[in-house]
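[1] task: produce atomic coordinates for the following.
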Amino acid sequence: SSAAVERGREQKCSSNSELFTLTYGALVTQLCKDYENDEDVNKQLDKMGYNIGVRLIEDFLARSNVGRCHDFRETADVIAKIAFKMYLGITPSITNWSPGGDEFSLILENNPLVDFVELPDNHSSLIYSNLLCGVLRGALEMVQMAVDVKFVQDTLKGDSVTEIRMKFIRRIEDNLPAGEE
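    Reported below is the predicted structural model:
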């Protein structure tokens, strides 16, 4: 029956996200062993995320049938309601718009990357999910948007929610990714 197929799909999705969560944990653990300090690990996670985002955008555009966004508010809606749902199975809320409409926050009530995770005391400045910032930055750059993306709250650090702050910097005029002129 269709209900059984849907349950099977949910179970598969659930096990895929758990596998991703555990694999991501192993990656972060390895980076913590390879680098001297948390700042270097944070930079590596952002860089890896950026490289993923640059490639992921093609898959996203093909699977979502989303057209070009007309403004940053529309971009925020697409990120929260379609992209996060498609790849992480969650729908963050969009809040804290700046008066100029060039900055907003994504609030993640539930960050699947941090399931089963506790930060050790000696890694208090580690931004565990920083890969997400890089993914967003890389993907948006491929659609001609330069953005600043950073975590401002994190449940792993005792905050009640996880908050990613996104700021529109400028529209990119050329079609070359940064650093490839």
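[2] contacts, neighbours, all on C-alpha from now
    Fine.
[3] what residues are up against the spatially most central residue of the chain?
    For the chain, L132 is the residue whose C-alpha lies nearest the centre (Cα atoms, centre = their mean; 2.6 Å). Listed by Cα atoms under 8 Å, 6 or more residues apart in numbering, the contact partners of L132 are D46, G49.
[4] go again using 7 Å as the cut-off
    G49 (Cα atoms under 7 Å, 6 or more residues apart in numbering).
[5] where's it, which helix or strand?
    For L132, the element it lies in under DSSP states H and E is helix 131-142.
[6] could you check how far that helix is from the centre of its chain?
    With Cα atoms, centre = their mean, to the nearest Å as the basis, helix 131-142 stands 7 Å off its chain's centre.
[7] and the residue nearest to the centre of the chain, what's its pLDDT?
    Listed pLDDT for L132 reads 97.
[8] how close does it get to N122?
    22 Å (Cα to Cα, to the nearest Å).
[9] with F60 instead?
    In terms of Cα to Cα, F60 sits 37 Å off from N122.
[10] how about D148?
    27 Å.
[11] and those two? Which one has more around it.
    More crowded of D148 and N122, by other Cα atoms under 10 Å: D148, with 16 against 9.
[12] run the chain-centre distance for the helix or strand that one falls within.
    D148 is part of strand 145-153, with elements assigned from DSSP H and E. Distance, stretch centre to chain centre, for strand 145-153: 10 Å (Cα atoms, centre = their mean).
[13] now do the buried residues in it.
    M145, A146, V147, D148, V149, K150, F151, Q153 (16 or more other Cα atoms under 10 Å).
[14] so the last one makes contact with R165?
    Which is Q153. No. The pair Q153 / R165 is not scored as a contact, 9.1 Å apart, by Cα atoms under 7 Å.
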